[in-house]
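Undergrad: let's see this in three dimensions:
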Amino acid sequence: MTSMQGDIVNRVKRLPKPSQAAEALQPVFEAVSNSLHAIEDAYGESLFQTKGSIAVTINNPRSPDEIEIIVDDNGIGLEAPRFKAFCTTDTDYKMSRGGKGVGRLLWLDAFEKIKVVSAFRENGAVWRRSFTFRLESQDQITEESMVEVGGPENPTGTSVTFSGLRGSAYRSKFPSQGATIVKHFGSHFFADFILGRSPKIVVDIEGNSTTFPEEIQNLKIEDRGIATLSTGEFGDLSLASFVCHKNASANFDGLHQIHLVANGRTVTTRKIDGLIGIGRFGAEADQVYHGCVSGDYLDERVNQERTQFNFDESIVEEIVRECAGYVRSTAIGDEVREFDDHRLGTLRSFVNEYPSFGFEAAEQLLERTPKNAIKPEEFARALIPFRIRRDKERNDTIEQIVAQLDGNQTIPADFAASVRQAADEIRAEEQRQLTEYVLRRKTVLDVMEVLLRRIREREDGSQNFQLEETLHQFICPMKLRGDDPSKVEQSDHDLWIIDERLTFQKYFASDVPFTQILVGEDSTKRPDLLIYDRLYGLGAEGEDPLTKVMLVEFKHPGRRDYEERYSPMNQISEYITKLKAGQIEDFNNARVRIADDCVFYCYVVADIVGKLEIHTNGWRTTANGRGRIQELGGKFRGIVEVIEWKDLLADARLRNHAFLHAAGLRFDRHP
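TA: Purely as a prediction, here's the structure:
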């Protein structure tokens, strides 16, 4: 029996325990790494990829007690120097290859039973060495046997059999699904596989086989070469670049990856999506980037398990950033430039729609956004801080100018130029904001026109209440009061379509029953729009009774069939009677009386056809000859006007024509 040198039990106890599946597989990865080295030593650097082979067989992965993993290779075998190194912890035997001498200690940490059988050449013959490897304070290598099995023409190689998982960490974290094991296997040796530095490896999990590096190589579309990046802090870094099919990133976080490699093994991988910006590229948008970076700086600073680097995450980020700069400008430079051209076009469209963000040329604005920003909301989120900063700087400049004019300071020689520049900036900002404001109005009117046409074009003449509600909603939200403090955002409206004086009106009730408007009222009838004035133009609070009230009733566009007894005058009179008989109660519990001489401005928005035309034939016509108008009589003061939908839209366009002209815009549609 043979003992390993050093306190093996305590040494193994101090090893870090796995916290995730990839770490739990590390002992198996170490066995495969040993096989890779043994094969390279057996066949040399020029032949090991074609002559070597490794078979990883995993049985019962769902049972920690019965799991069995066998790693077979046709490498050089455990000849005397290798066996001596195996028996020595922290050996420097493979230090030149990055070996840390702890791989087999991870075996002892993870598995209950380990059996090693190895054939090697020595003194003109092939010998087979076999032994059991166990975690004990003495005699870790037992049941040793070494027999001659034939001449030098006989094959060599090593087989390691692991049985039963040891410890709660390995038992809970070791993956039980074959797909998960294969995924981590491909990820761990990704650099070897994509770079073509591996012999054939077959991973068989309960009869289901996956072949590497073929599995990864099949995902490679194009080799973009190896570049040397000279850095001040990290020395020379070697970056191998590959364009791969999107499935190459299926098991990684993100699309595009940089793999940091130390001593020939992938230690960690970082996505670079945000650093290069581009998404999947290629004619079918199915290509991604993978890069493998290596160098002395990384080789010298990896931990003994080759699972982490011995430096802060900030260093990883700096190295990845260095590499991503090259990737973006060179490795996939053509694809990125095409992507950025598309982003620039999208940004220009965004600025056209939201001109207040156009405070710089589009090319400069693009530089201020994240490299992966492609949506309007992403542009806005990135540019808002710059816009705020510019506004503050402009305001500070204006304050300085005012202070110079107000105080006793000496006016500098370039004062006039400073004033002119500030004025120009204010004017430019006003133009941008006006354009954005008017664009919104234009959009509302364009949508209204389409809705009106859709409603009128219904062949069966049926009423589409969904479209009608949408039409109402465009002008004013339904089923709420504008003075409800809990509905501030929802109460935004476009009452300017009806009358510009209502642009900033907040005292209104839209499709709200009288029971929620008037004190003591039990009628559930809902005027489409009730708008009242609390000073009365300015929204100031006061105790004087209301002297102006507006009522608006929307009728289905194109509607011809009304109830036999329906009359717009009767409907309006009923509403006014209820209003004059009661008091309006607002959300602050204040009550507002309606003055006896209150003037009611009442509008019915409808198409004057069918029975509505019959009911209003005796009314006066409006200036354009299409609308109808009638004064209220008796106890009521005011007017009732019937406005056709097309006139409402046309008048709104006409009123906003000057705005559009000032903003350099025009209406494309005509009612």
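Undergrad: following the chain onward from the strand or helix carrying G274, which element is next?
TA: Using DSSP states H and E, G274 sits in helix 273-276. Once the chain leaves helix 273-276, the next helix or strand it forms, by DSSP H and E, is strand 287-294.
Undergrad: now do the next helix or strand after that following strand: everything it contacts.
TA: Per DSSP H and E, strand 287-294 leads on to helix 296-299 as the next helix or strand towards the C-terminus. Helix 296-299 is contacted from outside by G98, F234, G235, D236, L237, L260, V261, A262, N263, V267, F309, I319, using C-beta atoms under 8 Å, 6 or more residues apart in numbering. Placement of C-beta: from N, CA and C, glycine included.
Undergrad: can you mark which positions in helix 296-299 are buried?
TA: Of all the residues in helix 296-299, those buried under the rule 16 or more other C-beta atoms under 10 Å are Y297, L298.
Undergrad: dump that helix to PDB, restricted to CA.
TA: These are the backbone C-alpha positions of helix 296-299, laid out as PDB (Å, rounded to 0.1, in the frame of the first residue of the first chain):
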ATOM      1  CA  ASP A 296       0.100  35.100 -19.200                       C
ATOM      2  CA  TYR A 297      -1.700  37.500 -16.900                       C
ATOM      3  CA  LEU A 298      -4.700  35.100 -16.800                       C
ATOM      4  CA  ASP A 299      -2.500  31.900 -16.500                       C
END
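Undergrad: quick check: mean pLDDT across it?
TA: Helix 296-299 shows a mean pLDDT of 94.
Undergrad: likewise stretch 86-96?
TA: The pLDDT scores in stretch 86-96 average 60.
Undergrad: what do you get for stretch 332-341?
TA: Rounded mean pLDDT across stretch 332-341 is 95.
Undergrad: got the contact list for that stretch?
TA: 224, 241, 243, 276-279, 281-282, 289, 328-329, 366.
Undergrad: CA atoms only: put stretch 213-233 into PDB for me.
TA: Presented in PDB, the C-alpha positions along stretch 213-233 are these (Å, rounded to 0.1, in the frame of the first residue of the first chain):
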ATOM      1  CA  PRO A 213     -15.900  18.800 -30.200                       C
ATOM      2  CA  GLU A 214     -18.200  18.000 -33.100                       C
ATOM      3  CA  GLU A 215     -21.200  19.300 -31.000                       C
ATOM      4  CA  ILE A 216     -19.600  22.700 -30.700                       C
ATOM      5  CA  GLN A 217     -17.700  22.800 -34.000                       C
ATOM      6  CA  ASN A 218     -21.000  22.300 -35.800                       C
ATOM      7  CA  LEU A 219     -22.100  25.600 -34.400                       C
ATOM      8  CA  LYS A 220     -19.100  27.500 -35.700                       C
ATOM      9  CA  ILE A 221     -19.900  29.500 -38.900                       C
ATOM     10  CA  GLU A 222     -16.700  31.400 -39.400                       C
ATOM     11  CA  ASP A 223     -13.300  31.800 -37.800                       C
ATOM     12  CA  ARG A 224     -12.500  35.500 -37.600                       C
ATOM     13  CA  GLY A 225      -8.900  34.900 -36.700                       C
ATOM     14  CA  ILE A 226      -6.600  35.500 -33.600                       C
ATOM     15  CA  ALA A 227      -5.600  39.000 -32.600                       C
ATOM     16  CA  THR A 228      -3.000  40.200 -30.100                       C
ATOM     17  CA  LEU A 229      -4.300  43.000 -27.900                       C
ATOM     18  CA  SER A 230      -1.500  44.900 -26.200                       C
ATOM     19  CA  THR A 231      -2.600  46.400 -22.900                       C
ATOM     20  CA  GLY A 232      -0.800  48.400 -20.300                       C
ATOM     21  CA  GLU A 233      -2.000  46.600 -17.200                       C
END
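Undergrad: give the buried residues for the one helix or strand S118 maps to.
TA: Using DSSP H and E, S118 sits in strand 111-122. For strand 111-122, burial by neighbour count (16+ other C-beta under 10 Å) applies to F111, E112, I114, V116, V117, S118, A119, F120, R121.
Undergrad: so which elements touch that strand?
TA: For strand 111-122, the packing partners by 3 or more C-beta pairs under 8 Å, 6 or more residues apart in numbering; DSSP states H and E come out as strand 125-133, strand 157-165.
Undergrad: and among those strands, the most buried is which?
TA: Of all the helices and strands packed on strand 111-122, strand 157-165 has the most neighbours on average by mean count of other C-beta atoms under 10 Å, namely a mean of 21.
Undergrad: neighbouring strands - and their directions - for it?
TA: Note on strand 157-165: by DSSP bridges, its sheet partners are strand 68-73 (antiparallel), strand 111-122 (antiparallel).
Undergrad: wait, isn't I181 in contact with I205?
TA: Yes. I181 is in contact with I205 according to C-beta atoms under 8 Å; the separation is 6.1 Å.
Undergrad: which neighbours do these two have in common?
TA: Shared contacts of I181 and I205 (C-beta under 8 Å, 6+ apart): I58, P61.
Undergrad: can you list the buried residues in stretch 605-620?
TA: Within stretch 605-620, judged by 16+ other C-beta under 10 Å, the buried ones are V605, A606, D607, I608, L612, H615, T616, W619.
Undergrad: just give me the least confident of the residues you listed.
TA: Among the buried residues of stretch 605-620, H615 carries the weakest pLDDT, at 86.
Undergrad: what about that residue, which SS state?
TA: helix (DSSP: H, G, I helix; E, B strand; the rest coil).
Undergrad: among the strands paired with strand 157-165, which comes closest to P355?
TA: strand 68-73 (64.8 Å; C-beta to C-beta).
Undergrad: I'd like the next helix or strand past that closest one.
TA: Heading C-terminal from strand 68-73 (DSSP H and E), you reach helix 80-86.
Undergrad: buried residues in that next one, which are they?
TA: Buried residues in helix 80-86, defined by neighbour count with 16+ other C-beta under 10 Å: R82, F83, F86.
Undergrad: residues contacting the last one?
TA: In other words, F86. L78, R104.
Undergrad: for the remainder of this discussion, apply numbering that starts at 856.
TA: That works, and once the first residue is 856, the last one we named lands at F941.
Undergrad: how much space separates it from S1014?
TA: As for F941, its distance to S1014 is 14 Å (criterion: C-beta to C-beta, to the nearest Å).
Undergrad: so which of the contacts of helix 1151-1154 sit within strands?
TA: Counted as lying in strands by DSSP state E, out of those, are G1090, D1091, L1092, L1115, V1116, A1117, V1122.
Undergrad: what is the neighbour count of the first one?
TA: Burial of G1090, expressed as a neighbour count using other C-beta atoms under 10 Å, amounts to 13.
Undergrad: tilt between the host helix or strand of N1207 and strand 1142-1149?
TA: Using DSSP H and E, N1207 maps to helix 1188-1208. Interaxial angle, helix 1188-1208 versus strand 1142-1149 (axes from the mean of the first three to the mean of the last three C-alpha atoms, to 10 degrees): 120 degrees.
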